[in-house]
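A.B. asks: Requesting a structural model of the entry that follows:
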Amino acid sequence: MIRKIKSFGKSLNRAEGPSPAAAYVRMSTDLQKYSTENQLETIRRYAAQRDYTIVRIFEDSGRSGLTISNRDGLQSLMREVESGTADFQAILVYDVSRWGRFQDADEGAYHEHVCSRAGIRVHYCGEQFDNDGSIGSILLKNVKRVMAGEYSRELSVKVFAGQCRLIEHGFRQGGPAGFGLRRLLIDEGRNPKGELGRGDRKSLQTDRVVLTPGPPEEIEHVHSIYSMFVGAGKSEHEIAVVLNQRGILSDLGRPWTRASIHQILTNEKYIGNNIFNRVSYKLKQRRVINRRDTWVRADGVFPSIVDRALFERARAIIDQRGNHYSDEELLSFLQTILQEEGSLSGLIIDEREGMPSSSLYRSRFGSLLRAYSLIGYAPERDYRYIEINRHIRESFPEFLAEIIAGLENAGGYVVCDRVSQLLSINGEFTASVVMARSFKTSAGALRWRIQFDTGLMPDVTIAVRLDRSNERPLDYYILPSIDMNANRIRLAEDNALSLDAYRFETLTFFYSMAAQTSFWEAA
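C.D. replies: Alright, predicted model coming up:
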């Protein structure tokens with residue numbers, strides 16, 4: 001976040017007068033309501049004493065200082081410094097820890113060096129030393145950087161220990177409840193205070209959250225999932241198809257997938273167990289899938305909605321299913337997926353029909369990364385996809401509304417299911433709208449993966465390919481289900497004629513179809 005304080009204008013050309021400076025402030029959590037204002041008060045006092053005029057304020061509110069990746073304010077500041085267009089000659093920061101609590105002290109020094117190289121000095125206004133390049137200031141500054149990082153490490157250890165104690169007492173530590181379960185808020189005396197909806201959080205520090213059984217109809221569906229898997233021998237994919245055909249949505253309000261069914265069959269919360277530390281992301285350094293013997297657990301602390309014997313039978317089936325494969329066969333499957341998809345992830349593996357689950361790879365090889373390394377695949381994790389996916393979710397209603405408006409303007413009659421967002425057009429056929437984000441291959445070419453809503457079984461899929469920046473639609477593909485024999489396709493920038501036959505720069509042709517009395521007669 002950047003706040004423009006004043007247009008410095010021609011004063012930059014004056015031979016005399018205050019020097020222009022930028023202020024950078026940061027607070028770690030939204031609970032530190034007045035932190036940035038307190039920092040600014042010290043910074044302004046420092047500026048007045050040293051003859052600086054603050055022309056810009058760069059702010060990171062509620063942002064951790066462990067990395068620069070999620071700090072938009074500091075990133076904007078550094079971009080201006082590196083571009084050579086900065087309208088300030090100094091950067092004023094409250095202290096070394098506000099600049100960052102980097103786990104590598106050299107990282108903070110590097111960012112400061114970039115500023116110094118551009119002729120812009122960083123001043124720490126609340127510290128006991130002047131950042132003037134003297135030996136004393138250099139030593140103190142480096143000590144402060146190490147102390148700032150060590151503070152985060154010590155705090156992380158204390159927080160983790162506290163979370164483990166809460167787990168052992170049966171309290172839930174974050175995450176959605178899951179299908180068939182709900183989060184119940186209780187006070188310090190374990191008295192119920194009410195259910196928490198999706199996205200709701202507790203307001204009092206002394207309150208706690210536990211899991212409780214959800215609506216009876218959801219519990220029945222959970223029992224049906226186990227019955228179909230254990231009793232009828234259906235696969236996760238087959239169960240997902242059955243539930244989708246019945247019009248039953250998952251706890252996220254979406255159609256069921258192979259992975260979402262697998263999660264219900266393997267998560268111990270359905271037999272009342274509280275599990276923690278399966279995955280670690282300590283100090284925002286690296287996401288690690290932990291070994292089972294390092295998990296923190298408390299058994300039987302929640303009401304069970306699945307019989308323990310039935311759960312163990314389901315897990316035995318899954319384990320036995322995986323034991324049929326040798327290590328070489330598992331790695332061969334991975335190589336095949338990598339060749340077809342271009343990348344690997346737990347989600348890609350779990351959604352692959354006839355493929356062992358990602359959990360089997362973790363248990364067999366210790367982690368997915370270990371399995372990847374055995375086939376020579378080294379993924380370069382890019383967390384920008386999280387922001388891109390968030391933007392796509394937020395923009396989807398707008399894109400959907402544009403398509404509906406276009407259909408109606410062409411004379412079509414459109415009904416949109418508010419839950420599944422499946423379009424019924426003229427009462428004659430259905431259409432599903434899917435967004436396909438762009439991604440780059442190692443050679444720099446663009447690719448798109450289009451995932452069909454097979455659970456909704458639409459007559460037509462309107463695939464919206466996003467542009468290079470994933471901000472706006474690039475073009476549209478109209479894909480009749482009768483011509484699609486796979487649940488996903490991958491598109492390049494230029495595709496085969498069989499696909500190009502369905503490609504339209506606008507939806508004009510499709511709109512004209514919708515205006516006809518019968519879509520299929522018109523087609």
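A.B. asks: Can you report how many residues lie near Pro18?
C.D. replies: Other residues near Pro18 come to 16 when the count uses other C-beta atoms under 10 Å. (Each C-beta comes from the backbone N, C-alpha and C, glycine too.)
A.B. asks: now Val306
C.D. replies: Other residues near Val306 come to 22 when the count uses other C-beta under 10 Å.
A.B. asks: ditto for Gly65
C.D. replies: 24.
A.B. asks: and the residue nearest to it when sequence neighbours are not counted, what is it in contact with?
C.D. replies: Among residues not flanking Gly65 along the chain, Arg101 sits closest, at 4.0 Å (C-beta to C-beta, 6 or more residues apart in numbering). Neighbour list for Arg101: 64-66, 148-149, 151-152 [criterion: C-beta atoms under 8 Å, 6 or more residues apart in numbering].
A.B. asks: and those residues, which are buried?
C.D. replies: Buried by 16 or more other C-beta atoms under 10 Å: 64-66, 148-149, 152, out of the contacts of Arg101.
A.B. asks: got TSV for these, with pLDDT too?
C.D. replies: Output for the buried ones among the contacts of Arg101, formatted as TSV (pLDDT from 0 to 100):
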residue	pLDDT
Ser64	76
Gly65	74
Leu66	80
Ala148	78
Gly149	75
Ser152	68
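A.B. asks: got those as CSV, with distance to Glu217 and secondary structure columns?
C.D. replies: Below are those laid out as CSV (distance: C-beta to C-beta, whole Å; DSSP: H, G, I helix; E, B strand; the rest coil):
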residue, distance to Glu217, secondary structure
Ser64, 41, coil
Gly65, 47, coil
Leu66, 44, coil
Ala148, 52, helix
Gly149, 51, helix
Ser152, 46, helix
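A.B. asks: quick one: which of those is nearest to Gln39?
C.D. replies: Gly65 (12.8 Å; C-beta to C-beta).
A.B. asks: Quick one: residues contacting Ile375.
C.D. replies: The neighbourhood of Ile375, defined by C-beta under 8 Å, 6+ apart, consists of 331, 334-335, 338.
A.B. asks: In helices, which of the residues you listed appear?
C.D. replies: Among the contacts of Ile375, the members found in helices (DSSP state H) are 331, 334-335, 338.
A.B. asks: May I ask which of these has the most neighbours?
C.D. replies: Neighbour count (other C-beta under 10 Å) singles out Leu334 as the most crowded of these, with 22 neighbours.
A.B. asks: Need the nearest residue in space to it, chain neighbours excluded.
C.D. replies: Nearest residue to Leu334 in three dimensions, chain neighbours excluded: Ile375, at 5.3 Å (C-beta to C-beta, 6+ apart).
A.B. asks: Angles on the backbone of the one you found, please.
C.D. replies: Torsion angles at Ile375 (phi, psi; degrees, to the nearest 10) stand at phi -110, psi 10.
A.B. asks: What score does the residue nearest to Gly65 have for pLDDT?
C.D. replies: Looking at Arg101, its pLDDT is 85.
A.B. asks: Any buried residues in the helix or strand hosting Val415, and which?
C.D. replies: Val415 belongs to strand 414-416 when assigned by DSSP states H and E. Buried residues in strand 414-416, counted by 16+ other C-beta under 10 Å: 414, 416.
A.B. asks: now stretch 45-64
C.D. replies: By neighbour count with 16+ other C-beta under 10 Å, stretch 45-64 contains the buried residues 46-47, 52-61, 63-64.
A.B. asks: start to end distance for it?
C.D. replies: Stretch 45-64 has its terminal residues 26 Å apart, counting by C-alpha to C-alpha, to the nearest Å.
A.B. asks: Helices of the stretch 51-200 of the chain, start to end?
C.D. replies: Listed in chain order, the helices of the stretch 51-200 of the chain (DSSP state H, counting those that start in this stretch) span 72-83, 96-99, 105-117, 135-168.
A.B. asks: Alright, I will stop here.
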